[in-house]
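Visitor: Below are the sequence and a predicted model; questions follow.
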Amino acid sequence: MGEFQIQQSFFDQYLGKLRHVAEIIDLAPEVVEILSKPKRTIIVSIPVRMDNGKTRVFTAYRVQFNDARGPMKGGFRYHPDVNLDEVKALAALMMLKTAVVNIPYGGSKGGVKCNPKEMSRRELEVLTREYAKALAPFIGPDIDIPAPDVNTDAQVMAWFLDEYNKVVGKVVPGVVTGKPLGIGGSRGRGEATGRGVFFIGLEAASKLNVSLKDARVSIQGFGNVAFNAAKFFYELGSKIVAVSDSKGGIYNPDGLNIYKVMEVKRKEGSVTKYSEAEIISREDPLTVDCDILIPAALEWQITEKNAGNVKAKMIIEGANGPTTPEADKILSEKGVFIVPDILANAGGVVVSYFEWVQNRMGYYWSEKEVDDKLKTIMVNAFNDVYEVSNKYNVDMRTGAYITSINRIVGAMKSLGWI
Ligand code: GLU
């Protein structure tokens, strides 16, 4: 019998954590029920005429989880593994993330099941425009505001915006964030998630009396979040000992020059082409010798299989959902300090919020204004969660869930939902 185990889904894991927190803060069953079900789920099939003349049909999702605290907010991703369960879980995490940093939004997420690495620029543009058209009746600056996520960037947001504008017959920059600067993007948005991860690292290090300058940092990933986080730690003087991409990883105990690594990746397509390092697997950055680990790739990377081998004393979750509940347990028993995704990687959505505010004002801030405001929000959120964790004597993930759920419940009470 033992062999037949039902694997918990990503959304089941969210539900498990919700029930755990419900017990600690004594949530009414009706509250748990509302927080267990998305407000609206949109699934569309998108036919795209591919470059070879044949039509392919892509399945696309948008899950709008909860809007008690404001319009819903969350990115959309292009990835072959996208599925409804994943998008639902990520939408719930966005609801918690916006609440934990206390910006006036609910949560949502989107995704298209596709392999963008095998698609041409034209195919991606057509797919994005069709996705925007399909979502247009259900989104808007006061309803739900998409943004970049895995494999989607400022260019994708620009196509998305252009198509939305055509559907509604006006220019609505605030319908999507993460846009290029010239069409209503915010300064500092591109590197915001990585910068936020770094601010959280600084704050956590000061609480734990660790010197970031002397720290060895291992990073899983080398996309937008991973590269920018690496850059800020590197500039401070930390040693970046490992990074990875979908093709593999690299390790150098003396530290990598991350700008050179980036140059190699741009030119040759993968970090593994970098010569001054040992080639390791995509998963190895999780378990190499280091002080701080930043998983900044995809969900479900640190599991019960490798958690025991993690050497880091601190984990800052740049990705969404990188640690499974089983791994979480193993790591907390080992005394590893984990700053959870919904707090650690919130810098992106915080600057998305600034972008939306600037779009609504039609007045744009300097990079310094953006960065200073981001720092204030990240530091305050870290301290809110740290305090709650100490008060309830729980880990930072549970503390972050308690902090955000209390805020969402407060809003739902004011609105008369409960
Ligand atoms: N996709 C990012 C996240 O997971 C940013 C979302 C946003 O800016 O709305 O937080």
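Guide: That came through, no problem.

Visitor: Please identify the residue of the chain positioned nearest to the ligand.
Guide: Closest contact between the chain and the ligand, by Cβ to the nearest ligand atom, is at G75 (2.8 Å). Where you see a C-beta, it was placed from the backbone N, CA and C, and this is true even at glycine.

Visitor: mind listing what the closest residue in space to that residue that isn't next to it in sequence touches?
Guide: The shortest distance from G75 to any non-neighbouring residue, by Cβ to Cβ, 6 or more residues apart in numbering, is to D149 (3.1 Å). Neighbour list for D149: G74, G75, F76, R77, K109, G110, G111 [criterion: Cβ atoms under 8 Å, 6 or more residues apart in numbering].

Visitor: residues in the stretch 251-400 of the chain within reach of the ligand, list them.
Guide: N320, N345, G348, V349, S352 (Cβ under 6 Å from any ligand atom).

Visitor: among these, which ones are buried?
Guide: N320, N345, G348, V349, S352 (16 or more other Cβ atoms under 10 Å).

Visitor: Among those, which has the minimum pLDDT value?
Guide: By pLDDT, N320 ranks lowest within these, coming in at 94.

Visitor: quick one, helices of this protein?
Guide: For the chain, the helices defined by DSSP state H occupy 10-25, 29-34, 84-100, 121-135, 154-168, 192-208, 224-236, 258-268, 325-333, 341-344, 347-361, 367-392, 396-415.

Visitor: Quick check: buried residues in the fifth one?
Guide: So that's helix 154-168. Within helix 154-168, judged by 16+ other Cβ under 10 Å, the buried ones are A154, V156, M157, A158, W159, F160, L161, E163, Y164, N165.

Visitor: Burial check on the nearest residue to the fifth one once chain neighbours are set aside, number of neighbours?
Guide: Looking back up the chat, that one is W159. Once flanking residues are discounted, W159 sits nearest to T128: 4.4 Å by Cβ to Cβ, 6+ apart. For T128, the count of nearby residues is 25 (other Cβ atoms under 10 Å).

Visitor: Contacts only, for T128.
Guide: V156, W159, F160, E163.

Visitor: Ok, Y363 next?
Guide: Applying Cβ under 8 Å, 6+ apart, no residues contact Y363.

Visitor: which stretches of the stretch 1-150 of the chain aren't confidently modelled?
Guide: For the stretch 1-150 of the chain, the stretches with pLDDT under 70 are 1-6.

Visitor: ok, back up a step: reformat the residues of the stretch 251-400 of the chain next to the ligand as JSON lines; add distance to T55.
Guide: JSON lines is the format used below for those (distance: Cβ to Cβ, whole Å):
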{"residue": "N320", "distance to T55": "32"}
{"residue": "N345", "distance to T55": "36"}
{"residue": "G348", "distance to T55": "34"}
{"residue": "V349", "distance to T55": "35"}
{"residue": "S352", "distance to T55": "33"}
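
Visitor: For V370, which non-adjacent residue is spatially closest?
Guide: Closest to V370 by Cβ to Cβ, 6+ apart is G188, at 3.8 Å.

Visitor: The one you found is in contact with K373, isn't it?
Guide: No: judged on Cβ atoms under 8 Å, G188 makes no contact with K373 at a distance of 9.3 Å.

Visitor: Overlap of the contact sets of these two?
Guide: With Cβ under 8 Å, 6+ apart, G188 and K373 have common neighbours F354.
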